[in-house]
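J.: for reference, the sequence and a predicted model appear below.
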Amino acid sequence: MGYEAGEADRRLACIVQAGVIAQVDHAAARCTVTVGDWTSDWLPWWTRAAGRVREWRPPSPGEQALLISPSGCLEAGFVLAGFYTDQHGGANGDADAQTATDYPDGAREHYDHAAHEYRLAVPEGGQIVLQVGDTSLTLRADGAVLKAPQLRADVPASTFTGNALVEKALAFMGGLSGQGAAGGTAVAIQGGIKATDDVVAGDVSLRGHSHMEQGDGAPVGEPF
């Protein structure tokens with residue numbers, strides 16, 4: 001076989017080669033691929049978007065990949081990663097009913113389109129943060145924190161199953177009613193109470209009640 005024929009055969013063989021990711025340079029967005037006993041130079045890997053819209057999901061060492069070399073030119077190659085193997089199988093979930101992404105720390109993002117359920121979970125010690133400008137919602141294992149310039153809850157009814165603490169002024173426009181816990185006081189207030197109308201305890205009016213005067217036994221007038 002002459003040189004030209006041999007070179008053409010080599011280039012054809014190099015156009016598409018199966019290998020595994022050897023190293024990843026995250027800062028340069030480059031990786032190397034091992035094919036048999038040979039390892040490539042640093043090459044870019046394929047991503048779904050790399051223009052004005054960009055996606056970042058670097059490959060992992062040991063991940064199976066294809067080395068694509070246009071015209072068999074290895075130095076102009078690029079890497080197409082993301083093939084299931086015995087070592088790296090599918091994400092946890094039913095192959096037919098779920099679209100899933102699993103992360104190495106145990107976090108997972110699953111959508112079950114049979115149950116119509118979307119689930120985003122991170123491991124203990126992590127947090128989920130949703131942010132729009134100055135408004136943020138942080139979810140952690142020990143609770144949730146909502147920070148916002150203002151909050152409007154437009155709901156017909158709300159139920160709190162535990163205690164509620166309001167650290168500043170509380171205003172209401174639709175009345176206030178309630179009852180105490182078993183054997184407890186319904187309302188305990190430290191400080192005075194100012195009312196613009198009457199206060200009634202049982203059937204006794206603070207403004208309209210009267211009692212007999214001790215001197216002549218006549219009813220006293222209404223309080224000022």
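T.: That came in fine, so what should we check first?

J.: could you look up the SS state of Arg10?
T.: Assigned with DSSP: H, G, I helix; E, B strand; the rest coil, Arg10 falls in the helix class.

J.: surely it meets Ser71?
T.: No. Assessed by Cβ atoms under 8 Å, Arg10 is found out of contact with Ser71, at 11.3 Å. Glycine gets a C-beta too; all of them are placed from N, C-alpha and C.

J.: and stretch 139-151, which residues are buried?
T.: Buried residues in stretch 139-151, counted by 16 or more other Cβ atoms under 10 Å: none are found.

J.: what's the single longest strand in the protein?
T.: Longest strand in the chain, counting residues (DSSP state E): strand 16-25.

J.: now tell me what touches that one from outside.
T.: By Cβ atoms under 8 Å, 6 or more residues apart in numbering, the list of residues contacting strand 16-25 from outside reads 30-36, 39-40, 42, 58-69, 79, 81.

J.: per-residue confidence averaged over the helix or strand following it?
T.: Using DSSP states H and E, the helix or strand that directly follows strand 16-25 along the chain is strand 30-35. Regarding strand 30-35, the rounded mean pLDDT is 97.

J.: in a strand, Leu120, correct?
T.: Yes. Assessed by three-state DSSP, Leu120 belongs to a strand.

J.: how close does the closest residue to it other than its chain neighbours sit to Asp102?
T.: With sequence-adjacent residues excluded and distances taken as Cβ to Cβ, 6 or more residues apart in numbering, Leu120 is closest to Glu109, at 5.2 Å. With distances taken as Cβ to Cβ, to the nearest Å, Glu109 is found 8 Å from Asp102.

J.: again, but for Leu176
T.: In terms of Cβ to Cβ, Leu176 sits 49 Å off from Asp102.

J.: for His116, same thing?
T.: For His116 relative to Asp102 (Cβ to Cβ), the value is 21 Å.

J.: quick one: which of the two has more around it?
T.: Taking other Cβ atoms under 10 Å, His116 and Asp102 do not tie; Asp102 has more neighbours (14 against 7).

J.: is the more buried one bridged to anything, and to what?
T.: In this entry, Asp102 is beta-bridged to Arg108, by DSSP bridges.
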